[in-house]
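>>> Based on what follows, work out the 3D shape:
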Amino acid sequence: MAHRSVPASEQWFARYLEHNGYQGWDEPEPDLRVAKRPDFLVRRAGLAAVCEVKEFSTSGLERRLDRPHNRVMALSSAEVYGGIRGQLKEGADRLKPLDGRGIPLVIVLANPTA
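Coordinates of the predicted model:
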């Protein structure tokens, strides 16, 4: 497999897993016999879950809210939740081939800019 740059969100999640006693934090992108490998297969206390880590940012909204002239603002749900919805869809698409295998599928959302 080609070397890839590991996003900050996956690094954070791996540290969380390690700190909380999960196995699998040090084995990213396990081979589960699907075209697109998920980020982690984690195990603890005899249980397992497949995790896909998705990164999003609220920095654009925060910049808009921090402007001095923005005392009142109306935002659409697409502006507020669009980034998260998009990442959830991408995560679900990546995990879909694993549906029906009897293992929990988890999308982990991380905002490294927060």
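
>>> So in the protein, where's the weakest helix or strand by average pLDDT?
Averaged element by element with mean pLDDT, DSSP states H and E, the chain has its least confident helix or strand at helix 59-66 (a mean of 64).

>>> which other helices and strands contact the following helix or strand past it?
Using DSSP states H and E, the helix or strand that follows helix 59-66 in sequence is helix 77-95. Helices and strands touching helix 77-95, by 3 or more CB pairs under 8 Å, 6 or more residues apart in numbering; DSSP states H and E, are strand 47-55, strand 105-110. Where C-beta positions appear, they are placed from N, C-alpha and C, glycine not excepted.

>>> just these: most buried one?
Most buried of the helices and strands packed on helix 77-95, by mean neighbour count (mean count of other CB atoms under 10 Å): strand 47-55, with a mean of 19.

>>> Just give the strands next to that strand in its sheet, each with its orientation.
strand 40-44 (antiparallel), strand 105-110 (parallel) (DSSP bridges).

>>> Of those strands, which is nearest Met73?
strand 105-110 (23.7 Å; CB to CB).

>>> Columns mean pLDDT and distance to Glu90 on top of the strands paired with strand 47-55, output as CSV?
Below are the strands paired with strand 47-55 laid out as CSV (pLDDT from 0 to 100; distance: least, CB to CB, whole Å):
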stretch, mean pLDDT, distance to Glu90
strand 40-44, 97, 16
strand 105-110, 96, 9
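
>>> Using CSV, please lay out those together with distance to Ala8.
As requested, the strands paired with strand 47-55 are exported to CSV (distance: least, CB to CB, whole Å):
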stretch, distance to Ala8
strand 40-44, 15
strand 105-110, 8
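
>>> still on that earlier bit, dump the helices and strands packed on helix 77-95 to JSON lines, plus distance to Pro7.
Formatted as JSON lines, those follow (distance: least, CB to CB, whole Å):
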{"stretch": "strand 47-55", "distance to Pro7": "6"}
{"stretch": "strand 105-110", "distance to Pro7": "8"}
